[in-house]
Structure formats: C-alpha cells, structure tokens
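*Asks:* quick one: sequence plus predicted model below, questions after.
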Amino acid sequence: MTTTDRTSAQTRTVQTRDVVVIGGNRIPFARAHGAYATASNQDMLTSALNGLVARFGLQGQRIGSVAGGAVMKHSKNFNLVRESVLGTPLDPATPATDVQMACATGMEAIGSLADKIRLGRIESGIGAGVDSISDAPIVVTDALRRILMEANRAKTPGQRLKALAKIRPGHLAPQAPGVNEPRTGMSMGEHMAVTAHAWGIGRQEQDELALASHQNLAAAYDDGFFDDLVTPFKGVQRDTNLRADSTLEKLGKLAPAFGRDLGEEATMTAANSTALTDGASAVLLGSADYAEAHDLPQLATFVDYEQAAVDFVDGAEGLLMAPAYAAARMLERNGLTFEDFEYFEIHEAFASTVLAQIAAWEDEEFCRGKLGLDAPLGRIDRSRLNIHGSSLAAGHPFAATGGRIVATLAKMLHGKPGKLGFISVCAAGGQGITAILEGR
Ligand SMILES: CC(=O)SCCNC(=O)CCNC(=O)[C@H](O)C(C)(C)COP(=O)(O)OP(=O)(O)OC[C@H]1O[C@@H](n2cnc3c(N)ncnc32)[C@H](O)[C@@H]1OP(=O)(O)O
C-alpha cells in the first residue's frame with residue numbers, strides 16, 4: 001500500500017508492507033505465590049525471550065526493536081525489557097522499549113512494533129510482556145519515603161542518623177498491593193460486577209464459559225498444540241491454574257467473589273474470574289522479506305489494531321467495555337463484519353467481560369446510541385470463540401496475555417490463507433485494544 005505523508009517541508013511517499021507473525025513463546029503461567037514465587041519479572045521475561053531466540057535461531061541477531069513491559073513493576077526495573085534482552089544471546093545492539101497499557105501492554109507492544117515494521121523503520125521486532133503478582137512492589141507510606149530520601153541525600157553519617165531517627169512505628173505500615181482503579185478505589189472485579197449486573201449476565205453462562213476455557217485449554221495441551229509455544233520454567237510444564245477436572249456442578253457451588261452487595265444476584269466467583277497469575281510471553285514479528293531471508297515461518301499477517309478508551313468514572317460505561325468501541329472502529333476501517341472471521345480470541349478478564357462485550361455488539365440500542373451504527377455490530381459464532389482456552393484457564397499475568405493470544409491465534413491461522421482472526425483485550429483505566437490477524 002502507498003500513502004502520502006505530508007510534512008511542512010516536503011511531501012514524500014511512504015511504502016507500507018505486510019507485517020507477519022513469525023511465532024511466539026511463553027513460559028507456562030503459574031498461579032501467584034506458587035511455582036514462580038521467587039522469580040522476578042526479569043527472570044521470567046528473560047526465559048520467555050530465550051525460548052523464542054532458541055526456537056527461531058536468533059542468537060547473535062540484532063532485532064530491530066524489542067517492546068514490552070510489566071504492569072506491576074519495581075522502580076529498579078525502569079529498563080526491564082532492555083535488561084531482559086541483555087540476558088539473552090541476542091546482539092546487545094538490539095534496542096528495547098518499556099511499554100505500559102495495563103492488561104493491554106502486550107497488545108500495544110506488538111501493535112506498535114507492527115506499525116514500525118509496516119512503515120519500514122525496522123525489519124523485525126519482538127513484542128513481549130511479563131507480570132508477577134508474587135513479586136509485586138510493596139509501597140511504603142509517603143512519610144517514610146520522605147525520610148528515606150532525606151537519609152539518602154545526607155552528606156555525613158550524622159545527618160543520615162538524624163533523618164532515620166524520625167521514623168515512627170506508624171510510618172512502617174506497608175501499603176498492600178492491589179488491582180484497584182485509582183479514581184474509584186474499586187477493584188477490576190467490583191467494576192465488572194456492576195457491568196455484568198447492568199447487562200444481565202447470568203451465573204450459569206459465566207460458569208459455562210469458564211468451564212469451556214478449562215476444557216479447551218486442557219484439550220489443546222493434550223493434542224500438542226502448545227508443544228512449540230510453551231517452554232517449561234522452574235520445572236513447570238503446563239499452566240498451573242488449569243483444572244481439567246472442573247465440572248459445572250463444582251463451579252455452581254462457589255461463593256461470589258465480587259459484587260457481594262448484590263446478594264442473590266451476585267454472579268462472579270473465583271472460577272469465572274481470572275486467577276492472579278505470574279508469567280511471561282514473547283512474539284516475533286517481521287516483514288515478509290525478513291522472514292524469507294531468515295527462512296522463518298510466516299504464520300499470519302498482523303493486519304490492523306485499534307485502541308479505545310471509555311469514561312468509566314462517571315459510570316457512563318463499564319470499566320472493561322472499551323473493546324466494544326475499538327471493534328466497531330476497526331471493523332469499519334477494514335470493511336469487515338464479524339461474519340468475516342474464522343476465530344475470535346476475546347481475553348477472559350472475567351467470563352462476564354466476554355459476555356458483556358458480546359451482548360453489547362448484539363444490542364441495537366448500544367450500537368446505535370454509543371457506537372453510532374445503524375444496526376447491531378453483529379453476532380459472534382460462539383463455536384469459534386477461544387477454542388484453545390483463554391485467560392480463565394491459563395491465568396492472566398497482565399502484560400503477558402497479549403503475547404499469549406497473538407501467538408495462539410497466529411498458529412491457528414497458519415495454513416489458512418485469507419482466513420481472519422479477531423482479538424479483543426480489555427484493560428484497566430477503561431482502555432482496550434482489538435486486532436485482526438490473517439492466515440498465511
Ligand atoms: C483487564 C483485566 O484483565 S481485569 C482482570 C484483572 N485480574 C483480576 O482482577 C484478578 C481477579 N481475581 C482475584 O482477585 C482472585 O483470583 C479471586 C478474588 C477471584 C479469587 O481469589 P482466591 O479466593 O484466592 O481464589 P482461590 O483460588 O482460593 O479459589 C477460591 C475457591 O474456588 C475454587 N475454584 C477456583 N476455580 C475453580 C475451578 N475452576 N473449579 C473448581 N473450583 C474452583 C478454589 O478451589 C477455592 O476453593 P476452596 O476455597 O474450597 O479452596
């Protein structure tokens with residue numbers, strides 16, 4: 001495709017080209033405070049990158065750019081991705097960028113790299129993400145922070161002691177880490193409980209979706225689908241959250257975890273919500289020329305992606321509903337409808353997130369009033385949804401989920417030229433990303 005890029009000084013023609021997904025890799029995801037309790041973000045990300053390097057023979061190569069990040073990050077990890085790259089056999093001249101867009105971090109990293117490749121700025125890129133709940137940074141009180149900074153600036157031992165002597169027991173209370181929205185103080189789960197209730201999403205359908213996620217993921221592992229996508233880490237072979245033996249009956253007995261103030265109408269449990277998880281993923285992208293020159297597979301084309309954000313603070317919209325808007329804009333731009341897609345990968349932040357997005361796309365009033373369409377956006381064929389499992393079963397190490405999804409979908413589309421796959425990932429802050437892949 002050719003586009004004209006006008007600047008004040010000159011007019012130049014920009015040649016854009018296909019971006020191909022070459023393949024992905026991740027470590028198995030592990031429930032928080034479990035198998036990876038002593039692993040850091042850097043340990044996990046380095047391991048996921050090393051797996052990718054080994055799989056595609058990238059040793060010694062200078063990759064155009066590595067972009068990625070973590071949602072929960074220690075301040076010492078200001079250059080997390082660069083430090084992780086330096087722990088791999090990639091050429092140390094490979095630049096790296098830390099990206100952050102909450103649970104859409106991995107998708108944003110991959111999407112922005114795809115744009116750079118499309119424009120010819122780089123030939124290859126690795127989009128990556130990692131998160132550790134087990135190693136979440138613990139924040140101290142403002143008062144203690146100020147005292148420690150003063151002690152740090154002290155020029156003599158006496159000054160340092162004088163500063164430290166100001167510490168009082170009350171200053172030592174740690175601030176517990178949490179997945180709360182700063183503007184509302186509510187957790188993601190509590191926000192989603194409000195949205196699920198507003199959309200009338202029932203307990204049974206949430207439990208069914210959760211059960212299907214576990215069954216599909218277990219089947220995919222058993223069929224060997226993940227043999228080339230997941231490398232063992234710390235002796236773990238499969239995602240530790242996966243429960244192949246779940247039943248609808250067991251799920252139906254669980255007490256509500258969120259929205260308890262709704263009483264009998266509370267529907268969200270530990271099983272139909274994602275578990276707190278540790279893990280990392282990485283995806284290799286390139287121009288078709290790069291893939292050909294290095295004799296690398298071309299699983300799918302990364303066609304397009306779209307960000308959206310909603311105003312959830314005033315309650316006008318659900319916190320995790322931004323992908324509803326991104327999808328409408330992205331489909332319109334590409335002249336597509338849901339009927340054109342072979343597969344749908346919708347991140348299961350909660351079962352109700354998936355179901356509320358689907359309900360919104362089918363709802364005439366929402367689509368006319370909020371999306372500005374003449375009719376509902378369309379139906380999603382549920383037999384094509386998350387067919388190899390998703391976050392409810394695999395777990396959701398926030399920034400690593402985008403890479404898991406892109407690698408899974410690209411592999412599903414491989415050998416199906418022209419077939420399309422749809423991705424939706426919601427994120428904290430009322431944000432979200434959707435994307436389109438096309439089989440090659
Ligand atoms: C943009 C986004 O992605 S937003 C999403 C961001 N992520 C989040 O907000 C994380 C949300 N999740 C959480 O906070 C936590 O996982 C919670 C609160 C839901 C649950 O936490 P916990 O209570 O520690 O969960 P736990 O694993 O102990 O499960 C509770 C019970 O449910 C049971 N259970 C959980 N899943 C299943 C299952 N699939 N099948 C059967 N039983 C299950 C457990 O066995 C446990 O039973 P027990 O009490 O008899 O031992």
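*Replies:* Noted; the coordinates are in hand.

*Asks:* flag the shaky bits of the stretch 51-200 of the chain, pLDDT-wise.
*Replies:* Along the stretch 51-200 of the chain, no part satisfies pLDDT under 70.

*Asks:* repeat that for the stretch 251-400 of the chain.
*Replies:* Judged by pLDDT under 70, the stretch 251-400 of the chain has no weakly predicted residues.

*Asks:* which helix is the longest one in this structure?
*Replies:* Criterion DSSP state H: the longest helix present in the chain is helix 203-222.

*Asks:* got the CA coordinates for that one in PDB?
*Replies:* Extracted C-alpha coordinates of helix 203-222, given in PDB (Å, rounded to 0.1, in the frame of the first residue of the first chain):
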ATOM      1  CA  ARG A 203     -24.200 -17.000  36.700                       C
ATOM      2  CA  GLN A 204     -24.800 -20.100  34.600                       C
ATOM      3  CA  GLU A 205     -23.500 -18.600  31.300                       C
ATOM      4  CA  GLN A 206     -20.400 -17.300  33.100                       C
ATOM      5  CA  ASP A 207     -19.700 -20.700  34.600                       C
ATOM      6  CA  GLU A 208     -20.200 -22.400  31.300                       C
ATOM      7  CA  LEU A 209     -17.700 -20.100  29.600                       C
ATOM      8  CA  ALA A 210     -15.200 -20.700  32.400                       C
ATOM      9  CA  LEU A 211     -15.600 -24.500  32.200                       C
ATOM     10  CA  ALA A 212     -15.200 -24.400  28.400                       C
ATOM     11  CA  SER A 213     -12.000 -22.400  28.800                       C
ATOM     12  CA  HIS A 214     -10.500 -25.100  31.000                       C
ATOM     13  CA  GLN A 215     -11.700 -27.900  28.800                       C
ATOM     14  CA  ASN A 216     -10.400 -26.300  25.600                       C
ATOM     15  CA  LEU A 217      -7.000 -25.500  27.100                       C
ATOM     16  CA  ALA A 218      -6.600 -29.000  28.500                       C
ATOM     17  CA  ALA A 219      -7.500 -30.500  25.100                       C
ATOM     18  CA  ALA A 220      -5.100 -28.100  23.300                       C
ATOM     19  CA  TYR A 221      -2.200 -29.300  25.700                       C
ATOM     20  CA  ASP A 222      -3.200 -32.900  25.200                       C
END
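
*Asks:* residue 346 against residue 385, yeah?
*Replies:* Yes - between residue 346 and residue 385 there is a contact at 6.5 Å, judged by CB atoms under 8 Å. The C-beta positions use only the backbone N, C-alpha and C, and glycine is treated the same way.

*Asks:* who's more crowded, these two?
*Replies:* In this view residue 346 and residue 385 are compared by other CB atoms under 10 Å, and residue 346 has more residues nearby, 25 against 20.

*Asks:* check contacts around that one.
*Replies:* Each residue near residue 346 by CB atoms under 8 Å, 6 or more residues apart in numbering is listed here: 323, 353, 354, 357, 358, 380, 385, 386, 390, 422, 423, 424.

*Asks:* distance-wise, check it relative to the ligand.
*Replies:* Distance, residue 346 to the ligand, using CB to the nearest ligand atom, to the nearest Å: 11 Å.

*Asks:* would you list the phi and psi of that residue?
*Replies:* The phi/psi pair for residue 346 (degrees, to the nearest 10) reads phi -110, psi 120.

*Asks:* who is it paired with across the strands?
*Replies:* The partner list for residue 346 in beta bridges (DSSP bridges) reads residue 424.

*Asks:* for residue 171, see how far away it is.
*Replies:* Going from residue 346 to residue 171 by CB to CB, to the nearest Å gives 45 Å.

*Asks:* what does residue 25 give?
*Replies:* According to CB to CB, residue 25 stands 44 Å off from residue 171.

*Asks:* so for these two, which sits in the more crowded spot?
*Replies:* For residue 25 versus residue 171, neighbours defined as other CB under 10 Å are more numerous around residue 25 (27 against 16).

*Asks:* I'd like the next helix or strand past the helix or strand where that one lies.
*Replies:* Per DSSP states H and E, residue 25 falls inside strand 19-26. Next along the chain after strand 19-26, taking DSSP H and E as the criterion, comes strand 30-31.

*Asks:* gap between that next one and the chain center?
*Replies:* Its chain's average C-alpha position is 16 Å from that of strand 30-31, according to CA atoms, centre = their mean, to the nearest Å.

*Asks:* contact partners of that strand?
*Replies:* Contacts of strand 30-31 with the rest of the structure, by CB under 8 Å, 6+ apart, involve 36, 236, 239, 240, 241, 275, 276, 277, 278, 279, 395.
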